[in-house]
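Peer 1: Sequence and predicted structure are below.
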Amino acid sequence: MNFIKKVFDDKIDEDIHLQFQKFSRGEFIGRALIRAKKSGNKFTIFTTAEFANELVRIVAEKIGDEKVGVTGAVISTSDLGNELEFKSKKQFMGIKQYIIEKEMSGNEIVELLKKLPRAFFALSFNGKENVLKIKPKAPKSAKPKNKDDKQKPDFCKLITNDEKIGKDFIFEKSDFKEADISHDFIIEEIIIPKELKKDEDFAKIREMAKRKGKIIRKAVIDEKEIRSEKEFEA
């Protein structure tokens with residue numbers, strides 16, 4: 001289940017907290033973009049980078065014990081040299097990119113996600129009638145340089161026959177042909193745990209604080225506009 005569906009289903013967890021950790025108070029427009037097509041039983045889903053780790057987990061869990069060829073990169077500001085096996089390493093402005101090109105089981109991928117929850121997993125692999133492709137690079141800032149420079153849902157691509165996955169991304173309508181969805185994140189309050197109010201470590205406060213606000217979901221499904229909102233605290 002992706003983080004947007006979790007919020008709308010009131011299933012708040014640590015993964016959702018990590019998604020919103022970087023946000024301050026304010027309005028963040030046009031985030032977590034989804035473009036989906038359905039043909040017969042096949043879903044083709046394109047998204048922005050926010051969904052990358054979850055897509056990796058979703059497909060890896062379906063693969064299970066099966067070994068598959070995995071390519072791409074694990075990206076972090078931390079030194080992960082002793083945490084995973086990698087082919088090579090690139091570094092630019094403090095961002096470390098660990099190039100992956102090896103066979104892994106789905107369970108091994110899931111364990112790595114659990115071990116490194118703050119890393120960005122830009123991995124591509126196939127298995128169990130699922131094809132996942134993610135650009136092997138760090139995502140750019142979602143803040144546009146100008147009004148015409150908008151995000152596009154082209155960072156991740158999943159092809160799947162799994163109806164549950166399709167419905168988790170397009171949950172307004174059980175059957176559709178084409179859908180375009182964007183989300184506005186409205187962060188109204190930063191809630192700092194009481195035990196941290198005297199803590200001078202700003203990084204720790206930012207990490208532990210919860211974001212309270214709402215998600216405005218704007219969908220165009222088969223040319224019909226559907227708007228929904230959901231409050232959250234994570």
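Peer 2: Perfect, I can see it now. None of the values given here were measured: they were computed from a predicted structure. Numbering: from 1, shown residues only.

Peer 1: Next secondary structure element downstream of the helix or strand bottoming out on mean pLDDT in the chain?
Peer 2: Sorting the helices and strands of the chain by mean pLDDT, DSSP states H and E puts helix 202-208 at the bottom, at a mean of 79. On the C-terminal side of helix 202-208, the closest following helix or strand by DSSP states H and E is strand 210-221.

Peer 1: Just the CA atoms of that next one, as CSV, please.
Peer 2: Only the C-alpha atoms of strand 210-221 are listed here, as CSV (Å, rounded to 0.1, in the frame of the first residue of the first chain):
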residue,chain,number,x,y,z
LYS,A,210,5.1,15.5,13.4
ARG,A,211,3.4,17.3,10.6
LYS,A,212,-0.3,18.1,10.9
GLY,A,213,-2.4,19.2,8.0
LYS,A,214,-4.2,17.7,5.1
ILE,A,215,-3.8,16.2,1.6
ILE,A,216,-5.9,17.5,-1.2
ARG,A,217,-6.1,14.9,-4.0
LYS,A,218,-7.1,16.1,-7.4
ALA,A,219,-7.9,13.3,-9.9
VAL,A,220,-9.0,13.3,-13.5
ILE,A,221,-10.2,9.8,-14.3
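
Peer 1: Okay, buried residues for the least confident helix or strand of the chain please.
Peer 2: For helix 202-208, the neighbour count (16 or more other C-beta atoms under 10 Å) marks residue 208 as buried. C-beta coordinates here come from the backbone N, C-alpha and C atoms, glycine included.

Peer 1: can you pull the contacts of the closest residue to residue 50 other than its chain neighbours?
Peer 2: In space, and not counting its chain neighbours, residue 50 is closest to residue 32: 4.6 Å by C-beta to C-beta, 6 or more residues apart in numbering. Residues counted as contacts of residue 32 (C-beta atoms under 8 Å, 6 or more residues apart in numbering) are 3-4, 47-48, 50-51, 182-183.
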